[in-house]
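A.B. asks: Starting from these lines, generate the structure:
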Amino acid sequence: MRAPWLVAFLLSLSPALAQQEERAIVPQFADGGGWKSRLILVNRSLKLSAKALLNLYGQTGQPLAFSILSGGLVSRLERTIPPGGSLVLETAASQADVQTGWVEIRSGSPAGDESYDPGSNTVVASPATSPVNAFVTFRHRVMGRPDFEASVASLPAETRSVAFALDNTENYVTSVAVANTQPVQAAVTVTFRSPNGAVFHNEQINLDGRGHASFETINRFQASRNLRGTVEFATSTGRLD
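C.D. replies: Numbers count the residues shown, from 1 in each chain. Next comes the predicted model:
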């Protein structure tokens with residue numbers, strides 16, 4: 001039986017933040033076929049509210065509607081989080097077949113332009129909002145088998161290359177999800193290196209604009225079987241996460 005890796009990260013709260021919109025990516029989102037995803041958003045400010053706009057995309061880069069508890073069947077969702085607060089968005093896991101994709105999260109904004117408020121007879125500006133931190137927890141539940149759960153942190157949206165630890169030894173397997181965050185096709189170079197830094201495999205894959213792919217490395221890249229080291233995904237024509 002293959003043993004999964006568990007990826008975790010730490011969140012920090014800041015009492016004051018320089019306000020500008022941030023665009024973050026959760027590179028894997030799954031629901032159905034025994035899978036459930038739980039997306040956790042954390043307001044990074046202790047003083048400002050946070051507004052998060054979520055766009056959900058499928059494998060081909062088109063908007064993909066997921067069934068969200070308390071949200072319905074949506075491919076776009078906006079939520080407000082109080083200072084120091086957090087929000088959990090959970091998929092319904094009601095489908096027989098699994099569907100996968102990725103999530104774009106836009107949050108944080110500076111104070112807006114001033115405008116006249118007739119109620120108070122004053123000129124007011126729309127308040128600044130805080131950006132959020134995000135991660136997703138995946139759970140796979142199949143009758144008669146142990147539950148599987150893992151967490152993945154969000155990443156900045158402007159990444160041109162990203163590297164991961166690779167371990168396909170001793171019945172472990174490294175699984176990867178990669179998303180092209182731009183609307184144009186991206187040619188992606190995948191490079192595998194051994195622990196001493198030597199390249200042992202290199203090839204190119206293509207991702208549609210806003211496209212997504214997820215796979216077990218031992219199946220998609222046969223050369224990585226029974227090996228450990230690193231794997232890097234890099235592009236000069238798009239942005240990756």
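A.B. asks: Which residues are in contact with Gly108?
C.D. replies: Gly108 makes contact with 17, 19-22, 50, 129-132, according to Cβ atoms under 8 Å, 6 or more residues apart in numbering. C-beta coordinates here come from the backbone N, C-alpha and C atoms, glycine included.
A.B. asks: go on, Arg228?
C.D. replies: Shown here is Arg228, whose contacts under the criterion Cβ under 8 Å, 6+ apart are 165-169, 194-195.
A.B. asks: and if you look at Ala30?
C.D. replies: 37, 98-101, 138.
A.B. asks: Scan those residues and report the most crowded one.
C.D. replies: Gly101 (29 neighbours; other Cβ atoms under 10 Å).
A.B. asks: and Leu13, what pLDDT?
C.D. replies: pLDDT for Leu13: 35.
A.B. asks: With Ala125 instead?
C.D. replies: Ala125 is assigned 67 on the pLDDT scale.
A.B. asks: on that earlier part again, which one among the contacts of Gly108 gets closest to Ala223?
C.D. replies: The shortest gap between Ala223 and any of the contacts of Gly108 belongs to Glu22, at 36.9 Å (Cβ to Cβ).
A.B. asks: Hmm, the closest one is touching Pro131, no?
C.D. replies: Yes. Glu22 lies in contact with Pro131 (Cβ atoms under 8 Å); the separation is 4.2 Å.
A.B. asks: Between these two, which is the more surrounded one?
C.D. replies: When neighbours are counted by other Cβ under 10 Å, Glu22 and Pro131 differ, and Pro131 comes out ahead with 26 against 20.
A.B. asks: pLDDT value on the more buried one, please?
C.D. replies: Confidence score, pLDDT, at Pro131: 94.
A.B. asks: Mind telling me which residue is nearest the centre of this structure?
C.D. replies: With distances taken as Cα atoms, centre = their mean, the residue of the chain nearest its centroid is Val26 (0.6 Å).
A.B. asks: Without its sequence neighbours, what residue ends up closest to that residue?
C.D. replies: Distance criterion Cβ to Cβ, 6 or more residues apart in numbering; nearest residue to Val26, sequence neighbours excluded, is Val103 at 4.1 Å.
A.B. asks: one step back: which of the contacts of Gly108 sits closest to Val74?
C.D. replies: So of the contacts of Gly108, ranked by how close each gets to Val74 (Cβ to Cβ), first place is Val132, at 17.9 Å.
A.B. asks: how about the closest one, what does it touch?
C.D. replies: Taking Cβ under 8 Å, 6+ apart, one finds 24, 41-44, 50, 52, 81, 105, 107-108 in contact with Val132.
A.B. asks: what bridges to Asn206?
C.D. replies: Ala187 (DSSP bridges).
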